[in-house]
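Quick one: sequence plus predicted model below, questions after.
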Amino acid sequence: MPRRIGMLIFPRLTQLDMTGPYEVLARLPDTKVDLVARTLDPVTTDRGMQIVPTVTYATCAPLDIVMVPGGPGQQDLMEDDEALSFLRRQAAQAKYVTSVCTGSLVLAAAGLLKGKRATSHWAAVEHLVLLGAIPVREQVVIDGNIVTGAGVTSGIDFALKLAAILDGEQVAREIQLQIEYEPEPPFDSGSPERAAPETLATVKARLAKLGEERRAVAARVGRRLGTVP
């Protein structure tokens, strides 16, 4: 039986949160990666790309690894009982439960990160505390069988580390070479710590409304989980 990896997809996800890890994990030996959604209808991402699911919540076989990407639509997923029930059901028997970017907020909303160290996009990681998780500002965080990656492009680093866990470092190194992953960004501006103050201020302002919406949802869900008074 091949190893089964399921990536949850949903309207307004950020496609690179999913496609970056997919590019790595689909290259693992004896591994099948499914894209899981409520129905088999195409899912439209936050930038308009359409992605076609391969299985539904109802037809998805038991997974060895479950992964949740992020994106603005993650807020709706945090209060989607069907999606959260699917995650709890799969997580109960999965070997690893994982996420990229704000997908960790969805795992936390499902009650899967209580007391666990986890990361997320830098603009959202603080919301994890409202859901009972321990926020960590690192690229990839491993706590037991929980593996979380930070924002968007961090998904490739996340997937390579997960590949090493699953099949060893040599296999992960071979995949890294095959996809020619040797980042040399043109600007030293990829994190709040490195970005110029004016750049950080502009992006924070741009994300402020979304951040407040996320905080409100996290607080509301946290009250239901009992992690917020």
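Arrived safely, thanks for sending. Numbers count the residues shown, from 1 in each chain.

Name the residue closest to the centre of the chain, please.
Nearest residue to the geometric centre of the chain (C-alpha atoms, centre = their mean): Val100, 2.3 Å.

contacting residues for it?
Neighbouring residues of Val100 by C-beta atoms under 8 Å, 6 or more residues apart in numbering: 17-18, 20-21, 67-70, 148-150, 152, 154-155, 158. In this view, the C-beta of every residue, glycine as well, is placed from N, C-alpha and C.

Which members of those are positioned in helices?
Counting by DSSP state H, the part of these found in helices is Asp17, Met18, Gly20, Pro21, Ser154, Gly155, Phe158.

Just the buried ones among those, please.
Among these, those classed as buried by neighbour count (16 or more other C-beta atoms under 10 Å) are Asp17, Met18, Gly20, Pro21, Ser154, Gly155, Phe158.

just those residues now: which is nearest Pro197?
Taking C-beta to C-beta as the measure, Ser154 is the one of these closest to Pro197, at 22.6 Å.

if I look at the closest residue to that closest one other than its chain neighbours, how far off is Thr54?
In this structure, Ser154 finds its nearest non-sequential neighbour in Gln139, 5.2 Å apart by C-beta to C-beta, 6 or more residues apart in numbering. Distance of Gln139 to Thr54, computed by C-beta to C-beta, to the nearest Å: 28 Å.

before we move on, what about Thr148?
Using C-beta to C-beta, Thr148 is found at 24 Å from Thr54.

residue boundaries of the helices in the chain?
Using DSSP H, helices in the chain cover 15-25, 74-77, 81-91, 103-109, 154-167, 169-178, 197-225.

Tell me how many other residues surround the residue nearest to Arg194 when sequence neighbours are not counted.
Using C-beta to C-beta, 6+ apart and skipping the chain neighbours, the partner closest in space to Arg194 is Asp188 (5.2 Å). By the criterion of other C-beta atoms under 10 Å, Asp188 has 9 neighbours.

Same question for Gln139.
Gln139 has 16 neighbours, counted by other C-beta under 10 Å.

same question, the one 5 residues further on
Here the neighbour count serves as a burial measure; for Gly144 (other C-beta under 10 Å) it reads 9.

unless I'm mixing things up, it is touching Lys116, no?
Yes. Using C-beta atoms under 8 Å, Gly144 is in contact with Lys116, at 7.2 Å.

need the contact list for Pro11.
Applying C-beta under 8 Å, 6+ apart, we find Pro11 in contact with Val43, Thr44, Gly73, Asp76.

which one is Leu87 nearest to, not counting chain neighbours?
Nearest residue to Leu87 in three dimensions, chain neighbours excluded: Ala110, at 4.4 Å (C-beta to C-beta, 6+ apart).

Okay, that neighbour and Ala133: tell me how far apart.
Taking C-beta to C-beta, one finds Ala110 at 11 Å from Ala133.

my guess is Val43 contacts Thr14, does it?
No. If you go by C-beta under 8 Å, Val43 and Thr14 don't touch, sitting 11.9 Å apart.

who has more neighbours, these two?
Comparing Val43 with Thr14 by other C-beta under 10 Å, the one with more neighbours is Thr14, at 26 against 22.

Just the buried positions in stretch 42-58, please.
Buried, per 16+ other C-beta under 10 Å, within stretch 42-58: Val43, Thr44, Thr45, Asp46, Ile51, Pro53, Thr54, Val55, Tyr57.

Please write out the alpha-carbon positions of it in PDB.
Only the C-alpha atoms of stretch 42-58 are listed here, as PDB (Å, rounded to 0.1, in the frame of the first residue of the first chain):
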ATOM      1  CA  PRO A  42     -12.900  23.100  -8.700                       C
ATOM      2  CA  VAL A  43     -11.700  25.200  -5.800                       C
ATOM      3  CA  THR A  44     -10.800  28.900  -6.500                       C
ATOM      4  CA  THR A  45      -7.800  30.200  -4.700                       C
ATOM      5  CA  ASP A  46      -7.300  33.700  -3.300                       C
ATOM      6  CA  ARG A  47      -5.600  34.800  -6.500                       C
ATOM      7  CA  GLY A  48      -8.100  33.200  -8.900                       C
ATOM      8  CA  MET A  49      -6.400  30.000  -9.800                       C
ATOM      9  CA  GLN A  50      -8.700  26.900  -9.900                       C
ATOM     10  CA  ILE A  51      -7.600  23.600  -8.400                       C
ATOM     11  CA  VAL A  52      -9.500  20.300  -8.900                       C
ATOM     12  CA  PRO A  53      -9.900  18.100  -5.800                       C
ATOM     13  CA  THR A  54      -9.200  14.400  -6.200                       C
ATOM     14  CA  VAL A  55     -11.300  13.100  -3.300                       C
ATOM     15  CA  THR A  56     -14.000  14.400  -0.900                       C
ATOM     16  CA  TYR A  57     -14.200  14.300   2.800                       C
ATOM     17  CA  ALA A  58     -16.600  11.400   2.500                       C
END
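
Done for today, thanks.
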